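What follows is a predicted structure for the sequence shown.
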Amino acid sequence: MEGPRKPGRSPTNRSLERGAEILRAFRPGSATLGNTELAERSGLSKSTVSRLTQTLVRTGLLQFDGNSRAYRLAPAVLSLAHAMRTGSRVLQLAAPRMRALAEAKRINVGLAAPDRDDMVYLESIRYARRAALRHVVSGQRVPMELTSLGRAYLATLSEAQLKPLLEAFKRRRGRNWPALAREIGEAGNSVRARGYCAAAWQPEVVAVATPLRIGHDVYALNVSTSTSEPLASTARSLAAPLLALAEEIREAVEDDAFAP
């Protein structure tokens, strides 16, 4: 029997939630997925997946490939992403300031937002002195527990918000978890004491990040560079321009909110 409904809270739509899980199953490297793979990734039954994929094809969010008997994301999904980017006032105000810092310092600058236990890049401007070992683009996901972006975001959470994420990280990382847990704790202390944290989860790439709270939303802003210099000294040199950029973006968004 369903419990009493909380005032002001509407019941969730289970079909819509499950359809979203199907779309979330598609990641880079997974151009097409069949019903069996979708069931494994979403945790849904094959019969439910079969019904939902048919609906998603009819609504134009998935396409069916008859040769592989599998599904791919439809162009409408990209259109939705474009609408999100162009409709974000934060991105419109942050992007030119991020680019100016990247060009002035010849460093990489990124802005990301949390999605479950990942961080998703909203903007990524690559301007490293040397070619980086990876190419980061808008929409790309990175692990929350490994990156400066993720650890900066984690530092803003309450204990109740943080607990389920730490449990998910522990399951994912296994034997590596104790060391990672210490690093996450140290990063949180650094954010609270200095306003930023640093990480070097890719070889010869040092990244420094700070939380960026805009209204009720929390983003993470980072700068990074390819270097063989020690993490601590590189982080100190990157911290000042990073924190200045974060403050500049906050002030721009605040001024924009009061503009006529």
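Okay, I see it.

can you give me the helices in the stretch 101-250 of the chain?
148-154, 159-173, 177-194, 231-257 (DSSP state H, counting those that start in this stretch).

looking at the ones you listed, which is buried most?
helix 148-154 (a mean of 29; mean count of other C-beta atoms under 10 Å). No exception for glycine: its C-beta is placed from N, CA and C like everyone else's.

pLDDT averaged over that helix, what's the number?
Taken as a whole, helix 148-154 has an average pLDDT of 98.

other SSEs contacting it?
Helices and strands touching helix 148-154, by 3 or more C-beta pairs under 8 Å, 6 or more residues apart in numbering; DSSP states H and E, are strand 108-115, strand 118-125, strand 141-143, helix 177-194, strand 197-202, strand 205-214, strand 217-226.

Mind pulling up the pLDDT for the residue lying closest to S68 once chain neighbours are set aside?
Using C-beta to C-beta, 6 or more residues apart in numbering and skipping residues adjacent in sequence, the residue nearest S68 is T32, 5.4 Å away. In this model, T32 is scored at 96, pLDDT.

and T32, backbone torsions?
phi -130, psi 140 (degrees, to the nearest 10).

How about N67?
phi -70, psi -40.

please renumber so the chain begins at 28
Done: numbering now begins at 28, and the last item shifts to N94.

pLDDT weak spots in this structure?
When residues are selected by pLDDT under 70, those of the chain lie in 28-38, 155-161, 286-287.

circling back to that earlier point, turn the helices of the stretch 128-277 of the chain into JSON lines, columns for distance to Y246.
Below are these laid out as JSON lines (distance: least, C-beta to C-beta, whole Å):
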{"stretch": "helix 175-181", "distance to Y246": "8"}
{"stretch": "helix 186-200", "distance to Y246": "16"}
{"stretch": "helix 204-221", "distance to Y246": "14"}
{"stretch": "helix 258-284", "distance to Y246": "9"}
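
so what's S57 up against?
E64 (C-beta atoms under 8 Å, 6 or more residues apart in numbering).

ok, now L176?
Contacts of L176 (C-beta under 8 Å, 6+ apart): G137, A139, M146, V169, A234, A236, A247, N249.

What is the nearest of those residues to A214?
Distance to A214 across the contacts of L176 (C-beta to C-beta) is lowest for A236, with 8.7 Å.

I'd say the closest one and A262 touch.
No: A236 lies out of contact with A262 (C-beta atoms under 8 Å); the separation is 10.0 Å.

Need the overlap of contacts for those two.
By C-beta under 8 Å, 6+ apart, the residues touching both A236 and A262 are Y223, A225.

Who does A139 form a beta bridge with?
Y148, A247 (DSSP bridges).

so how far is E274 from it?
18 Å (C-beta to C-beta, to the nearest Å).

One more: F285?
F285 is 17 Å from E274, by C-beta to C-beta.

ditto for S106
Distance from S106 to E274, by C-beta to C-beta: 34 Å.

now P238
As for P238, its distance to E274 is 12 Å (criterion: C-beta to C-beta).

first vs last residue of stretch 165-179, how far apart are they?
Counting by C-alpha to C-alpha, to the nearest Å, you get 19 Å between the two ends of stretch 165-179.

With stretch 128-145 instead?
25 Å.

Next, the buried residues of that stretch.
128-129, 132, 134-141, 144-145 (16 or more other C-beta atoms under 10 Å).

Check stretch 99-109 too.
Buried residues in stretch 99-109 (16+ other C-beta under 10 Å): L100, A101, V104.

Just list whatever residues bridge to C224.
A236.

And for I241?
Bridge pairing for I241 - DSSP bridges - gives D244.

give me the number of residues near it?
16 (other C-beta atoms under 10 Å).

That one and R277 touch, don't they?
Yes: I241 is within contact range of R277, at 7.0 Å (criterion: C-beta under 8 Å).
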